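1. Make a model of this:
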Amino acid sequence: MGVFQRSAVNTETLARWHVGTLRRCNVLTCQRANVPLFLAAFTLLFFWRIAFGGQVLYWGDVMFQSYPWRHFAVTMLHEGQLPLWNPYIFCGIPFIANPQPALFYPVNWLFQWLPVERAISFSAVLHVLLAGWFLWLFLRQKQLTPAASCLGAITFAFSGFLITKAQF
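-> Residues are numbered from 1 along each chain as shown. Take a look at the predicted model:
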């Protein structure tokens, strides 16, 4: 027998202990009502400078491309005009047909009520939160345990892939 091999009794005992420990753990009960609130609180704590500190996200493409497009769209909509054409790029380009400004994307409707720079930051925070919520719902639908679903949601929402999309 090798050093790393375990007997069936030890593995079974370990599995029983682990499940019993998870059942007794009261740190995070992962109930249906608790997980969305926990994910929201965790997201707000992670992005506390944006949520409570008044800071905004500015980086690369957002500063040079997205911010001007969103500002143009909001300005046109506040003037009562549908931004069909952007005359400020080259000799003009179709604006509403371009998918990059995402004028009809529901999350971008925040731009109608918030200043553009704050709405860009809140949009990044909201996307992380929604990623966690929807993965939690998906994993619960796949019949994973509440604790596993919660862990999967946190791992995905705060993964390197999604957080670097916010480009800190």
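2. Which secondary structure element of the protein has the lowest mean pLDDT?
-> Considering only helices and strands, the least confidently modelled element of the chain by mean pLDDT, DSSP states H and E is helix 8-24, at a mean of 47.
3. Next secondary structure element downstream of that one?
-> Along the chain past helix 8-24, the next helix or strand (assigned with DSSP states H and E) turns out to be helix 34-46.
4. elements contacting that following helix?
-> Helices and strands touching helix 34-46, by 3 or more C-beta pairs under 8 Å, 6 or more residues apart in numbering; DSSP states H and E, are helix 116-141, helix 146-157. In short, each C-beta sits where N, CA and C put it, glycine included.
5. Which strands or helices does the very next helix or strand once past that helix pack on?
-> Counting by DSSP H and E, the next helix or strand C-terminal to helix 34-46 is helix 48-51. When contacts are defined as 3+ C-beta pairs under 8 Å, 6+ apart, helix 48-51 packs onto helix 116-141.
6. what inclination does the helix it packs on have with respect to helix 34-46?
-> Calculated by axes from the mean of the first three to the mean of the last three C-alpha atoms, to 10 degrees, helix 116-141 forms an angle of 150 degrees with helix 34-46.
7. Now helix 116-141: average pLDDT?
-> If you average the pLDDT over helix 116-141, you get 88.
8. Same question for stretch 149-166.
-> On average, stretch 149-166 scores 87.
9. can you tell me which residue is nearest the centre of the chain?
-> Geometric centre of the chain, nearest residue: residue 128, 0.9 Å, by C-alpha atoms, centre = their mean.
10. That one touches residue 163, doesn't it?
-> Yes - here residue 128 reaches residue 163: they are 7.3 Å apart, a contact under C-beta atoms under 8 Å.
11. neighbouring contacts of stretch 59-75?
-> With C-beta atoms under 8 Å, 6 or more residues apart in numbering as the contact definition, stretch 59-75 has outside contacts at 58, 83, 86, 88, 95, 100-101, 103, 108, 111-112, 116-117, 119-120, 167.
12. got the CA coordinates for stretch 98-112 in CSV?
-> The C-alpha atoms that make up stretch 98-112 are tabulated as CSV, following Å, rounded to 0.1, in the frame of the first residue of the first chain:
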residue,chain,number,x,y,z
ASN,A,98,-24.0,49.9,-34.2
PRO,A,99,-24.1,47.2,-31.4
GLN,A,100,-21.2,48.8,-29.4
PRO,A,101,-23.2,51.6,-27.8
ALA,A,102,-25.9,49.0,-26.8
LEU,A,103,-28.6,51.6,-26.7
PHE,A,104,-31.4,49.0,-26.2
TYR,A,105,-29.6,46.9,-23.6
PRO,A,106,-31.7,47.1,-20.4
VAL,A,107,-28.7,47.6,-18.1
ASN,A,108,-27.7,50.7,-20.1
TRP,A,109,-31.0,52.3,-19.2
LEU,A,110,-29.2,53.4,-16.0
PHE,A,111,-27.6,56.1,-18.2
GLN,A,112,-30.9,57.9,-18.4
